[in-house]
Structure formats: C-alpha cells, structure tokens
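1. Sequence plus predicted model, see below.
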Amino acid sequence: MPKKIAVIGAGASGLTAVKCCLEQDMEPVCYERSGHIGGLWYFNDECLKGQASVSRSTIINSSKEMMSYSDFPAPKEYPIFMHNTHVLNYFHLYAEYFGVKNYIHFNTEVLMVSKADTFEQTGQWKVDVRNRKTGITETNVFDGVLVCSGHHADKNLPSFHGMKSFRGRTLHSQDYKGTTGYEDKRVLVIGLGNSGGDAAVELSRVASRVFLSTRSGAWVFSRVSESGKPSDMLFSSRFFTKLQNTLPMSFVTWALRRQLNQKMDHDMYAIRPNFQPGQQHPLCNDDLPNRLASGSVKLKTDVKRITENGVEFVDGTFEDDIDVIVLATGYIFGFPFIDKSVFEVENNKLNLFKYMFLPEIEMQTMAVIGCVQPIGSTIPIAEMQSRLACRVIKGEVTLPSREQMLADIRKKEVIMSHRYVKSQRHTIQVDYGPFMDEIAELNGCKPDTKALLFSDFKLWSSVVFGPCTPYQYRLMGPNKWDGARDAILSQWDRTVYPLGTRPLPITEEAPRSKAWLYVIYLAIIGYLFRCYLFG
Ligand code: FAD
Ligand code: NAP
C-alpha cells in the first residue's frame, strides 16, 4: 500500500512536496485554503487576512537558474529576474508537467493536525479540514504530513508611540499592492528590508515625497553584478564558497564592504549600519541608490512618535503632513493548525532539525518544508527538503539520534547568534549552497566532485567553478535526472537568452588594442628620459 501523505499548502513548497511524493510512489493529498496554486506568488488585489501575496510589481530577487526546481529549468525565454507573473507561470508549467494539480484540494483549509490514536505504533496523523465554499468539515488519517504553509502570512505590526492618533492611512507592506492612490501623497515607509526598499522605490515615482525610516541601516546589494550578470550566479560557486570560508573573515568583509561602497558610498548616503555586510539578511535593491541620489526617497532614523498628521524621528527631526504610513516591518510565523503538544513556534524560533524534523518524536512522519530564510533562493531548498522528507517517511533514510539532532539545532542557533545581529528576522537564516549540501548529504544526492574530476572534467569545472544551480543535486543519488548534465552546461545560455532581442550591428573596424597607446606612451617617456640624461 502506498503511503498517504497530507501536504498543507500549494505554494512553491507544497507543489514540489506533492511532486516528490509522486516520485517516491506515495499518495499525496494536498490541501490549499485558497483557490489557486503558487502561494504568495499569486498576486491578489484584495487584502486577505493571513494570506501572503506579492505586490503587483514584485520582481523576484533570485535569478531564474538559481530559483528553478532541480529537474525543471525555467524556460529560456523567461527574463533573468522574473516578474511575479512569470514566477507563477513557471509554477503552473511545473505543476502541469508533473501532474501535481490532480492532487490539490482547493479552498480547503487545514484546521488541525494531531497525533492519530495509533500514533505510537504507526506514526499516523489525524488531519481536520474544512471546505471554505461548502463549510463541510472532515477528518482523515495520514501516514505522513508535509507542512508547506509558508512563513510570510502573519504581519509583524509594531506599535509606535502615538500611532493611534494618526489620521492618515496605515497599512502593512503585505497590503501594499501598487502605486494607485498614492499619487502626490507624502508617504512614510518604516523598515528597510526588501519589502520596505521595493515599496519606497516604487512609490517615489508617483508620491510627492517618500520618507524611508530605518532603525538599523542596511548594506545594499544588487541583483546584477559585473557585466550585468546575476550576482547570485557569480558568487554561489563551490569554489567561491570554499574560498570565502578559508580566508580570514576580516578580509572577506573588507572586500565585500569595498565592493558595496563602490556602487554607493554607504557613509555618504548615511545608510551604513553599525555592523558588517553579512550580519543582516541582504537588502537587494538596484534602484535605491538612484532614488536616494535624486532625493525622491529621503532616509530617516527610527520613529520616535507619531502625531495626528506627522512623525517625529529619534534624531529630533519632524516630518509633517504625512498621508500614509507603510509598515514594512516583516512577519511573524507559526503553525496554528498544529496541535500545540506536537510543537509550537515562539518568537520566530523553529526548534526543528534542519528546520524540518521534530527531534522529540520516534517515528519521523512529519516535516516542515520551506521554513528557512536563505542567502539565496528558498525554492530549491524547499524541493531538497521535500525529497529528503519523503525518503525519511518512507523509511529509506534514517535521521540521526535525538541527541545529535538537538546538538545540530543548538549549533545552528549559536552560529546564527554570532553571525547575525539580534533580530526576530534572523531566526531561520541559512546559506543556500552549504545548506543544500547538508540536506543532500543526508539524502545521498550531494554531487561527488572528486569522482566528477576524473570522469567528466567539463562538468566538474562547471560544478566547482560555476554557479551552484539546483541541477547539481540531480546528477547522482536517488531520483537522479538524466537531463541534469545538460542543464548545468547550458545554464549560462539560458540565462542570457532573453537578452538577445536585437541583432547587433557589425562593427566596421575592430577597436584598436590599447597596447599601441602604451607603446607610444613608453616611447615618449623613454625619449624624455634619454634627453634628461644625455642633454
Ligand atoms: P507560500 O508561498 O506562502 O505558500 C503557502 C501556501 O499554504 C499558501 O498558498 C497558503 O494559502 C497555504 N496555506 C497556509 N495555511 C494553510 C492551511 N491551514 N490550510 C491550507 N492551506 C494553507 N524567495 C526566494 O527564493 N527568492 C525571492 O526572490 C523571494 N522573494 C520574495 C518576495 C516576497 C514579497 C516575499 C514575501 C517572499 C519572497 N521569497 C523569496 C520567499 C518566499 O517565501 C518563497 O519564494 C516561496 O514563495 C515560499 O513558498 P511556500 O510555499 O513555502 O509559502
Ligand atoms: P524583513 O526582512 O523582516 O524586514 C523587516 C524590516 O522592518 C527590517 O528592516 C527591520 O529592522 C524593520 N523592523 C521590524 N520591526 C521594527 C520595529 N519595531 N521598528 C522599526 N523597524 C522595524 O521583512 P520584509 O522586508 O517584508 O521581507 C520578508 C521576506 O521577503 C524576506 O525574505 C525578503 O527577502 C523577501 N522579500 C523579497 C522581495 C523580492 O524578492 N523582491 C521583496 C520583498 C520581500 P531591523 O533590521 O532593525 O530588524
């Protein structure tokens, strides 16, 4: 009998969880409380409580090759950094190709997951669901549960002194859908994460003034780097990661600071935080320097108090006539539908092995998927976690002992607390490449670079020196994919493909080498030197 698995949510994580269940000949039943797939990448004009959604203009910060599922590269025609509509289309293509949609029950909310009566013997779970259209509830028993409900649904809504007296409009960035209605308004955006940066930049094109308040400051990264190539592809290679971990940290941060300051002097723009780049979840924004330079976004310190129509900042400055306040202050997360006796999240802390497994239970039949905040893309990580979870539930992979799992959780906590500034946004941070490797190692699909060196030099050099794209994890081990090698060797072709929209004119004369200039220059210096010596 195939194992019956409940998948909660049909976002980026849930879709791949269903696909991985099918790959393992298990029987998934996916419950999605909304009427669509794609989770937060489905743009919704309506503000629905507890339902995450991008804004109309959101463009993904991960390049298409780095965010693709490992056996399904995004179409070559798609832009390098996709608009949310492209991201959603990609999910549809994936779901259709692997027949995922047949297993999704839309408009069905999971109300409660608890241990089945036979849990101690079978590891089974009881799942209560309600159809949101008909109101009908039902309970089913499953051999396993994959929790794919996301972690950007519940708003973090800090309260500032005097906030209740404010007469203008206040909203959280999750409810910011686009610029309509903000024309000629004076807007304050609070929070300088990626939501705050995106909202401030976009609003500054229509609003009369945008103030951007940050209590910490930020180091600003760019999506594109040298020659317009995606930064996440250039700086994610195994070689680069190794080098970074080998060199002294002080040198690495110095080099990074230097690079970031070359694009925008963080002191001159008064945006520099009191910590190093790398100690905060990266802010990725190619437009912010321009908007600051043009004065259309004005940076402010933390908010001290809010009045009926204005805001005082901690540096004593005051901005009057504020029409709208956007709280881009991030999210809190939890799993309210899981029985508290099973596990609970406090202050955004997830005490799970690899942010997935409950160390305290004997039979590993539940896993949380995609509840990480990587430096890099979440989507392939969710897939890698799903692959592992399915094999663990099936009994093909045995997890380490309870003590080892707890030790790993503590170790990660300590590393995180040393590396990142203390903030509730830094509780589930992981580095994309090393974390993918960690899980792949447990699952037996980490690429063996030594073996590749002797069997396939071309592929080896791509795997070691090229971007650590998800296809690497389909080269060997369980559920390997025959197309992985080709996908790796053609990843740069697919990346640049959408840019080739115009045939370039043929240059009539090849540009002269600069070497000639140097030769002439040296000859003149030599001549002057000779004149000086010999008169
Ligand atoms: P979600 O997309 O939130 O999907 C969860 C699904 O579960 C939803 O459809 C929801 O309806 C459903 N659900 C929840 N509770 C229940 C329940 N009780 N019953 C039934 N269904 C339920 N990541 C990147 O890798 N790169 C990026 O550039 C990037 N940009 C981002 C931009 C924004 C604005 C935000 C907010 C996040 C971004 N992320 C990015 C992170 C994002 O979390 C992932 O890209 C990805 O969307 C996570 O997918 P998910 O399926 O885990 O969660
Ligand atoms: P976030 O990363 O948690 O950032 C929240 C911001 O609010 C931080 O600057 C934080 O400051 C500030 N803040 C929180 N509480 C505050 C308080 N009480 N007073 C003042 N400031 C406060 O949240 P987010 O920007 O919404 O991003 C959420 C996730 O979505 C991230 O993973 C992000 O990368 C992703 N995202 C991606 C895109 C994209 O791809 N284009 C767009 C938006 C979001 P501190 O740093 O001081 O804590």
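-> Thanks, I have the structure now. Ligands and ions are numbered 1, 2, ... in the order given.
2. Now do the strand or helix carrying residue 93: everything it contacts.
-> For residue 93, the enclosing helix or strand under DSSP states H and E is helix 84-97. Applying CB atoms under 8 Å, 6 or more residues apart in numbering, the contact partners of helix 84-97 are 12, 15-16, 19, 37-38, 41-43, 54, 58-60, 64, 67-69, 72, 74-75, 78-79, 82, 100-101. Heads up, the C-betas are built off the backbone N, CA and C, glycines and all.
3. ok, now stretch 28-38?
-> Outside stretch 28-38, the residues touching it (CB under 8 Å, 6+ apart) are 4-12, 14-15, 17-18, 21-22, 42, 51, 87-88, 91-92, 95, 100-101, 103-110, 127, 129, 132, 140, 142.
4. So which of these belong to strands?
-> Secondary structure defined by DSSP state E assigns 4-8, 104-105, 108-110, 127, 129, 140, 142 of those to strands.
5. ok, back up a step: narrow the contacts of stretch 28-38 to just the buried residues.
-> The neighbour-count test (16 or more other CB atoms under 10 Å) marks 4-12, 14-15, 17-18, 21-22, 42, 51, 87-88, 91, 95, 100, 103-104, 106, 108-110, 127, 129, 142 as buried among the contacts of stretch 28-38.
6. and these near ligand 1, which?
-> By CB under 6 Å from any ligand atom, the members of the buried ones among the contacts of stretch 28-38 lying near ligand 1 are 8, 9, 10, 11, 12, 14, 51, 109, 110.
7. For stretch 400-407, buried residues please.
-> For stretch 400-407, the buried set under the neighbour-count rule, 16+ other CB under 10 Å, comprises residue 405.
8. now stretch 287-304
-> Under the neighbour-count criterion of 16+ other CB under 10 Å, stretch 287-304 has 287, 288, 289, 291, 292, 296, 297, 298, 299, 300, 303, 304 buried.
9. Over to stretch 458-466?
-> Neighbour counts over stretch 458-466 (16+ other CB under 10 Å) mark 459, 460, 462, 463, 464, 466 as buried.
10. Let me know whether residue 416 touches residue 425 as I believe.
-> No. Distance between residue 416 and residue 425: 11.5 Å, which falls outside the contact criterion (CB atoms under 8 Å).
11. Extract the C-alpha trace of stretch 495-512 and format it as PDB.
-> Extracted C-alpha coordinates of stretch 495-512, given in PDB (Å, rounded to 0.1, in the frame of the first residue of the first chain):
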ATOM      1  CA  THR A 495      20.400  33.000 -18.600                       C
ATOM      2  CA  VAL A 496      21.500  35.300 -21.400                       C
ATOM      3  CA  TYR A 497      19.000  34.100 -24.000                       C
ATOM      4  CA  PRO A 498      16.100  36.500 -23.100                       C
ATOM      5  CA  LEU A 499      18.500  39.500 -23.600                       C
ATOM      6  CA  GLY A 500      19.300  38.800 -27.200                       C
ATOM      7  CA  THR A 501      16.400  40.700 -28.500                       C
ATOM      8  CA  ARG A 502      18.300  42.800 -31.000                       C
ATOM      9  CA  PRO A 503      20.800  41.700 -33.600                       C
ATOM     10  CA  LEU A 504      23.900  43.700 -33.000                       C
ATOM     11  CA  PRO A 505      25.300  45.900 -35.800                       C
ATOM     12  CA  ILE A 506      28.500  44.600 -37.300                       C
ATOM     13  CA  THR A 507      31.400  46.800 -36.200                       C
ATOM     14  CA  GLU A 508      33.200  48.000 -39.300                       C
ATOM     15  CA  GLU A 509      36.600  48.400 -37.800                       C
ATOM     16  CA  ALA A 510      37.800  46.400 -34.800                       C
ATOM     17  CA  PRO A 511      38.700  48.700 -31.900                       C
ATOM     18  CA  ARG A 512      42.400  49.200 -31.800                       C
END
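12. Next, the buried residues of it.
-> Residues of stretch 495-512 classed as buried under the neighbour-count rule (16+ other CB under 10 Å) are 495, 497.
13. Outside of it itself, list whatever touches it.
-> Among residues not part of stretch 495-512, those counted as contacts by CB under 8 Å, 6+ apart are 63, 64, 65, 76, 77, 78, 79, 80, 229, 230, 233.
14. Buried ones only from these, please, as a ChimeraX command.
-> This is the ChimeraX syntax for the buried subset of the contacts of stretch 495-512, where burial follows 16+ other CB under 10 Å:
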select :63,64,65,78,79,80,229,230,233
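15. So which of the contacts of stretch 495-512 are in helices?
-> Mapping the contacts of stretch 495-512 onto helices (DSSP state H) picks out 64, 65, 233.
16. As a check, name the ranges of all helices in the stretch 151-300 of the chain.
-> Counting by DSSP state H, counting those that start in this stretch, one finds helices in the stretch 151-300 of the chain at the ranges 194-203, 231-234, 238-246, 249-263, 288-293.
17. chain center to the last one: distance?
-> In terms of CA atoms, centre = their mean, to the nearest Å, the gap separating the centre of helix 288-293 from the centre of its chain is 24 Å.
18. Now do the contacts for residue 239.
-> Residues in contact with residue 239 (CB under 8 Å, 6+ apart) are 464, 465.
19. measure it to residue 220 for me?
-> Counting by CB to CB, to the nearest Å, the gap between residue 239 and residue 220 amounts to 26 Å.
20. swap in residue 321?
-> Separation of residue 321 from residue 220 (CB to CB): 28 Å.
21. just to revisit the earlier point, out of the ones in strands among the contacts of stretch 28-38, which one sits closest to ligand 2?
-> Distances from ligand 2 to the ones in strands among the contacts of stretch 28-38, taken as CB to the nearest ligand atom, are shortest for residue 8 (20.3 Å).
22. In this structure that closest one contacts residue 338, no?
-> No. Applying CB under 8 Å as the test, residue 8 and residue 338 come out as separate, 9.2 Å apart.
23. any common contacting residues for those two?
-> Listed as contacting both residue 8 and residue 338 by CB under 8 Å, 6+ apart are 113, 147.
24. quick one on the thing from earlier: so if I had to pick from residue 321 and residue 220, which one is more boxed in?
-> Legend: neighbour count by other CB atoms under 10 Å for residue 321 and residue 220, higher for residue 220 (24 against 11).
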